[in-house]
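Visitor: Coordinates for the following, if possible.
(2 chains)
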Amino acid sequence: MRGQYINIILKLRYHQLVRLLNNLGRLRSFLFLLFLLIPIVIQPGLLYELPILVIPILHYSRKDNRFLQLIGIKPFFIFSIEYLVICIPGLVAGLLTGTWWAIVLIPGAFITAFLPSNFKINSNRSILFSHYNPLPITAYEWRSVFRRTKYFYYFLYLILLIAAILYPNTLPISLVIVGYFQVSFYDKCESYQFLEAFQRGPDRFLWYKIGHGLFYYSISMIPYMAIYFLEPAFPLYVPLIIYAGGLLWVVNCVVTKYMLYMEGKDLKYSYAYIMLIVLFSFVFPIIPVLTASWFYWRARNRLKYYLYAFD
Amino acid sequence: MLSIKNVTVTYDNFIALDKISLQLGSNCIHGLIGQNGAGKTTLLNTLYGFLESESGNITWNEQPLITTDIAYLPAESYFYPMITGREYLELICMNNPGFDIDSWNNLFNLPLDNLIESYSSGMKKKLAVMGVLALDRPIIMLDEPFNNLDIETNHTLRAILKKYVANGKTILLTSHVLESLTAICDQIHVIENRTIQHSFNKPEFSEIESYLFKKRDSLIDKNLEKLTK
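Guide: Residues are numbered from 1 along each chain as shown, chains lettered A, B, ... in the order given. Model prediction:
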């Protein structure tokens, strides 16, 4: 029976991928695969580093845990098989290039599959900051994430901050992780009445959202930057470049959300877009600037359907 | 017989179900009615094992209830993106290869070879209902099954449930629309203040409305007078 499950789930995943590429069209699919392959060809190490980033994000955004239980399949079983399949290219590359540490992907896949895939939502009682929340209601995406993930984001933030204080060399990676987690803040779409309640017109609305995102991102970066200035472990440009890169991520997150906006829905592909942008930005730093402007234009056009009042 | 005895469920110091007791006989369709937030879905989630009970016990034919006894349709169903209705049902039918997808689809008329994304909300509901039927388990729990369904499918679903009950299954439905339950149920249980307050048998169904609205009416009258001055 387990063999049949593996077979049917992997077949489903394969069909999903083929349909996704079909939906994108031949040219876009080609570009998509090209965009994915170029950074890997330039930096082959990405093959075994990527699963470390991709699997936790996939796991954390899963919504099929209960569904699998309802149809009598153990989620851990399916999750671990899927994660192992994702690790195969990295494992093969690791073994071929003698990078033996790539073998940790195997226990990593099992451990991740074992972790809870979504955080329990207790919307009615004793949530952190339910009575006192330092964030204004206009920062509703941030509020929502803090509530959804309970202590997780604070915990991660503090752990990375402590790590940066104790070992200033970890500062860049801490900045990247904190910045990257903020991507997940923009994966849910609000109702269009909600949009209208805030601002009128797509341009004003987008700038309003971008401004908010940049402001809160900058606030969250202050302690990290302070650590650098107190104990400089790198040349000045290193944290500043990472901070600037983070600002671009935030702009990209906001515009990608509204480029793909579907009223009241969860965004399915925003992670993929942001992942590609991040991946590519390591190789061609101009990419996030270009995507931010291009996606801004597309987001503006999409919002025109929802926000009738034009600037 | 599905027996629920003194079941209490709490989360974060909030009592979601308070010493709930209920006997659900076989060959019967049971309805669960109550206000929004009264605890209907919490009860179903507890029966399925999604929520742990703090005290009390739940048994099925005097054995501890296990998830493989239950086919559960949550109010909001999950569908994998980019798969067809047929693939969805094939995945579920792994546990019940005897389920004839095409014959069952004659009752529901779904375009099974289309992607689920192209379905309307009513079609998605039908697909989820078919999925629950495909599991073929002795207890069927349906949370708001009639929401989004068209009149014909509503009628079909009622006929299916009646047939299933005649074949010995136990069915538990929830709804916030009384009429949808009185038309099909043999017993209706009112959940209020996080516990079962009253159970009505078929001959007593005409009393449910007055039972539910007696307190409410005086409250409405009192407040409306103030608000509409």
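
Visitor: top helix in chain A by residue count?
Guide: helix A:202-230 (DSSP state H).

Visitor: who does that helix touch, helix- and strand-wise?
Guide: helix A:152-166, helix A:171-181, helix A:192-198, helix A:237-259, helix A:287-304 (3 or more C-beta pairs under 8 Å, 6 or more residues apart in numbering or on different chains; DSSP states H and E). Where you see a C-beta, it was placed from the backbone N, CA and C, and this is true even at glycine.

Visitor: Now tell me which helix or strand of chain B has the poorest mean pLDDT.
Guide: Here the helix or strand of chain B ranked lowest by mean pLDDT, DSSP states H and E is helix B:208-227, holding a mean of 82.

Visitor: what does that one contact?
Guide: B:33, B:178, B:182, B:188, B:190, B:198, B:200 (C-beta atoms under 8 Å, 6 or more residues apart in numbering or on different chains).

Visitor: In CSV: those residues, plus neighbour count.
Guide: Listed next are those as CSV, based on neighbours: other C-beta atoms under 10 Å in any protein chain shown:
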residue, neighbour count
B:Ile33, 24
B:Leu178, 17
B:Thr182, 18
B:Ile188, 23
B:Val190, 20
B:His198, 14
B:Phe200, 20
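
Visitor: Looking at those, which two lie furthest apart in space?
Guide: B:Thr182 and B:His198 (14.5 Å; C-beta to C-beta).

Visitor: quick one: the residue nearest the centre of chain B from B:Asn27, how far?
Guide: Computing the C-alpha centroid of chain B and ranking residues by C-alpha atoms, centre = their mean puts B:Leu142 first, at 2.5 Å. Look at B:Leu142 and B:Asn27: by C-beta to C-beta, to the nearest Å, they are 17 Å apart.

Visitor: same check, this time on A:Ile219
Guide: Counting by C-beta to C-beta - A:Ile219 and B:Asn27 are separated by 63 Å.

Visitor: just to revisit the earlier point, report the distance from the least confident helix or strand of chain B to the chain centre.
Guide: 27 Å (C-alpha atoms, centre = their mean, to the nearest Å).

Visitor: and if you look at stretch A:22-31?
Guide: On C-alpha atoms, centre = their mean, the centre of stretch A:22-31 falls 22 Å from the chain's centre.

Visitor: Would you convert the contacts of helix B:208-227 into JSON lines that also reports secondary structure and pLDDT?
Guide: Putting the contacts of helix B:208-227 into JSON lines (DSSP: H, G, I helix; E, B strand; the rest coil; pLDDT from 0 to 100) gives the following:
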{"residue": "B:Ile33", "secondary structure": "strand", "pLDDT": "91"}
{"residue": "B:Leu178", "secondary structure": "helix", "pLDDT": "87"}
{"residue": "B:Thr182", "secondary structure": "helix", "pLDDT": "91"}
{"residue": "B:Ile188", "secondary structure": "strand", "pLDDT": "93"}
{"residue": "B:Val190", "secondary structure": "strand", "pLDDT": "92"}
{"residue": "B:His198", "secondary structure": "strand", "pLDDT": "88"}
{"residue": "B:Phe200", "secondary structure": "strand", "pLDDT": "91"}
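
Visitor: Is it possible to get these out as a markdown table so that each row also shows distance to chain A?
Guide: What follows is those, written out as a markdown table (distance: C-beta to the nearest C-beta, whole Å):
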| residue | distance to chain A |
| --- | --- |
| B:Ile33 | 21 |
| B:Leu178 | 26 |
| B:Thr182 | 28 |
| B:Ile188 | 25 |
| B:Val190 | 22 |
| B:His198 | 25 |
| B:Phe200 | 29 |
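
Visitor: Enumerate the residues of chain B near chain A.
Guide: B:11-14, B:48, B:50, B:67-68, B:72, B:74, B:77-78, B:80-83, B:87, B:90-92, B:94-95, B:115, B:131, B:135 (C-beta under 8 Å from any C-beta of the partner chain).

Visitor: All good on my end, thank you.
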